[in-house]
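Peer 1: any chance you could fold what I've pasted below:
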Amino acid sequence: MKHLPRLIPLAAALSAALSSPTFANESPTILMPRVDVIGTANRLPDLAGTGQIIDSKELEGSRVFTVNEALRRVTGVNVRDEEGFGLRPNIGIRGLNPTRSTKVTLLEDGVPLAYAPYGDNASYYHPMVDRYERIEVLKGPGSLLFGPQTVGGTVNYITPAPPQEVGGYIQGAVGNRDYANAKFNIGGHGLLLDYTRKQGNGARDNLDHELDDLNVKYVMNLTRDQILTLRGNYYTENSTLTYTGLTQAEFDRFGARYNPFKNDRFDIKRHGFSATHAIAVTEKAVLTTNLYYSHFDRDWWRQSSNSTDTQCGTGFRDSRLAGIAVDPDSCNSIQGRLREYDTWGVEPRLTVEHQFGEFQAGVRMHYEEQRRVQINATSPTGRTGTVTENNLRETKAFSAYVSNRFDIGTFSITPIIRHEDIDAERRNRLTGDTGDTRVSKTTPGIGVTWNPSDALTVFAGAHKGFAPPRVEDLIGGTGTVTEVDTEESTNFELGARVRPTDKIALQAAYFRSDFDNLIAVGSIAGGNTPLSQGKALFEGVEFSGQASLAGGAFTRVAYTWLPVAEQSTSFRNVATQAVIAGSQSGLRQPYTPRNTLTAAAGYEKGSFRGELEAQYVGSQFSDFANVTNPTADGQRGEISSYTIWNASLNYRFDRAFSVFLTAKNLGDKTYIVDRTRGIQVGMPRLVFAGIRYTF
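Peer 2: Model (predicted):
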């Protein structure tokens, strides 16, 4: 048996890969087993689908502030802001509603990132983008190798690998809006410690964030053919964060930053652990196994959940609708949504290279437990009161996939099949009511690539998509099982990757997603839109490109055109089968901009790097009825298109010292991003400067 490093190239894209990325200070790194969805850029010719990588140079050189900003550089991805810091990203892919990222699989080093990806796939927690050195986004049939959400795509965040030599860096930045960011990174001999402290004001008044993120990673060689990576993480968030958006009168009279709810609090504590073991079973076979666990604790105390909430009384609500300033201290009510999640699982993946191509297979055994409590207090800052909800929700899931790539000359054909089996149970601890149900789904797919030369890859793919409904959607509070139909979609894409020179890379694709049944996310936390379902069709074109030009200039672009995002039938309330108000065949799906574009140009020479970027999001509807004029509650109405400009300047004095200056939303544009619970707005101008010392 040969040494494991010799076997690393055998782990192909879309499988368990043993890879050794370059550390930020370019010191040698230790081989680190992890699961990639794409791998390095040289794996793209094998990829039977659309894939894009945002590397460490781009993240660092652009001084990316949020994961939202980063993902807008990927074609087909629509990311909606919420509080300004990107802490609860709303990620939609190829027209799917971005609310809470429920239709996207989120991974970190190939390990499930969401606190409940099967039972409650909602992004109320998301690490800071500062934690990552690379982001991979995969669409098409390759998504079947991951899951459980395979209708849109997979986002995999890659953390840095430990360096071999002892070293690291200290970085600090300060800016307006009370912004401060401090980062400490040190590693060596297989160990890496990374700590980030980030704080500042969000998009509106009384949105203040304090974040701490500690990560530890250790890589060890067990034998000459086995490597083990251990990861540990502790994350906290303490925010003054409201849930409700603005009414139209509040927005018009008091401005976009108005938010009176100073008593609302949002606190998170999360710790997680994972181990990734890789062994060279034979000279041509690598088995990589992920073992993972996380505990997520979230307390959200708030006095209003949407712009028409009567928690503080009808007079309080009516004042808001009329644009009269309200005092939350006069409201003797605050409600605490207290959530705890424990998630753990094991996932072995086998990759075998053979004379006809490559075989991959894997299974996942996964368990989730949700403990949900609601306490209604009788003072504006109370923390005790009447318990109105006490629920225990459990999810047990088993999944398996098999894939084989057949190489036939310049062609490759990759059939894939995935199976998901999910058992869900809900227990009302207040009444004793219980209910359980089971969801099972098998989804096939196939991908084809043609590589007539090193400069051209033509690809096509088709697959069935699946996304499991939440436990609370399947099982009501009294234990009754809601008949939510299985979500089914047929997805197709055809595209090409072209690299005419080593300085230019282009990718274009046509995609079509036809849903026999699309489960639409209802308005959350007491909103007025219930869980619904219906037929839908999404069809569009993606284009991305990047080029390094003569003299140090560079440019990149990511454009998505989505001409078709229609309701093929009226969407109906799952519980009552009543048509959602205004929904009808031919109308556009909500939160589906027809055009999105991110483009940048810059100059890099020697120690200097500068960049100017524009991010454009087209107009979009906020409800199924495609209401154009805004309603008084702010929850419906067309959202106008907007463009925000970002700029960054970097200068390195020597190997040790570098400085940077960055501006986000350079023109200080005011723009609406969401109307789900009332009007939510984008982050105002943020300018910050920083220094980095590398040792």
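Peer 1: my guess is Ala322 contacts Ala249. True?
Peer 2: Yes. Assessed by CB atoms under 8 Å, Ala322 is found in contact with Ala249 at 5.8 Å. Bear in mind the C-beta positions are built from the backbone N, C-alpha and C, glycine included.
Peer 1: quick one: which of these two has more around it?
Peer 2: Comparing Ala322 with Ala249 by other CB atoms under 10 Å, the one with more neighbours is Ala249, at 18 against 12.
Peer 1: what strands line up against the longest strand belonging to the chain, and which way round?
Peer 2: In terms of residue count, the longest strand belonging to the chain (DSSP state E) is strand 386-408. Applying DSSP bridges, strand 386-408 is found paired with strand 357-377 (antiparallel), strand 411-428 (antiparallel).
Peer 1: give the buried residues for the last one.
Peer 2: For strand 411-428, the buried set under the neighbour-count rule, 16 or more other CB atoms under 10 Å, comprises 412, 414, 416-420, 422-428.
Peer 1: can you say which helix or strand has Thr631 in it?
Peer 2: For Thr631, there is no helix or strand it lies in under DSSP states H and E.
Peer 1: contact partners for it?
Peer 2: Neighbouring residues of Thr631 by CB atoms under 8 Å, 6 or more residues apart in numbering: 248, 637.
Peer 1: again, only using 10 Å
Peer 2: By CB atoms under 10 Å, 6 or more residues apart in numbering, the contact set of Thr631 is 247-248, 307-308, 622-623, 637, 675.
Peer 1: in this structure Thr395 contacts Pro469, no?
Peer 2: No. If you go by CB atoms under 10 Å, Thr395 and Pro469 don't touch, sitting 11.0 Å apart.
Peer 1: now the common contact residues for these two.
Peer 2: 118-119, 422, 424, 439.
Peer 1: now those as JSON lines including pLDDT and distance to Ile375?
Peer 2: As requested, these are exported to JSON lines (pLDDT from 0 to 100; distance: CB to CB, whole Å):
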{"residue": "Tyr118", "pLDDT": "94", "distance to Ile375": "27"}
{"residue": "Gly119", "pLDDT": "92", "distance to Ile375": "22"}
{"residue": "Ile422", "pLDDT": "96", "distance to Ile375": "30"}
{"residue": "Ala424", "pLDDT": "94", "distance to Ile375": "25"}
{"residue": "Val439", "pLDDT": "92", "distance to Ile375": "31"}
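Peer 1: mind putting those residues into CSV with distance to Leu87?
Peer 2: Shown next, in CSV, are the shared contacts of Thr395 and Pro469 (distance: CB to CB, whole Å):
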residue, distance to Leu87
Tyr118, 23
Gly119, 21
Ile422, 28
Ala424, 27
Val439, 30
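Peer 1: how about those residues, which pair is most distant?
Peer 2: Spatial extent of the shared contacts of Thr395 and Pro469 (CB to CB) is set by the pair Gly119 and Val439 at 10.7 Å.
Peer 1: which residues do these two both contact?
Peer 2: Listed as contacting both Gly119 and Val439 by CB under 10 Å, 6+ apart are 395, 397, 422, 424, 468-469, 474.
Peer 1: what residues of the longest strand of the chain count as buried?
Peer 2: Within strand 386-408, the residues that qualify as buried by neighbour count (16+ other CB under 10 Å) are 389-391, 393-397, 399, 401-405, 407.
Peer 1: and these, which two are furthest apart?
Peer 2: The largest separation in the buried residues of strand 386-408, counting by CB to CB, is between Asn390 and Asp407 at 56.2 Å.
Peer 1: residues near Thr443, how many?
Peer 2: Residues near Thr443, counting by other CB under 10 Å, number 23.
Peer 1: offset the numbering so it begins at 18, please.
Peer 2: Taking 18 as the first residue, the last one we looked at is Thr460.
Peer 1: so what pairs up with it in the strands?
Peer 2: Assessed by DSSP bridges, Thr460 has beta-bridge partners Arg435.
Peer 1: cool, the one 10 residues further on as well?
Peer 2: For Ser470, the beta-bridge partners under DSSP bridges are Leu473.
Peer 1: next up, the contacts around it.
Peer 2: 427, 515-516.
Peer 1: quick one: which of those residues has the most company?
Peer 2: Among the contacts of Ser470, the one with the most neighbours (other CB under 10 Å) is Arg516, at 18 neighbours.
Peer 1: now the strands: where do they sit in the stretch 18-167 of the chain?
Peer 2: 33-36, 49-52, 68-71, 94-97, 107-110, 121-125, 128-129, 151-155 (DSSP state E, counting those that start in this stretch).
Peer 1: since that was my last question, I'll sign off now.
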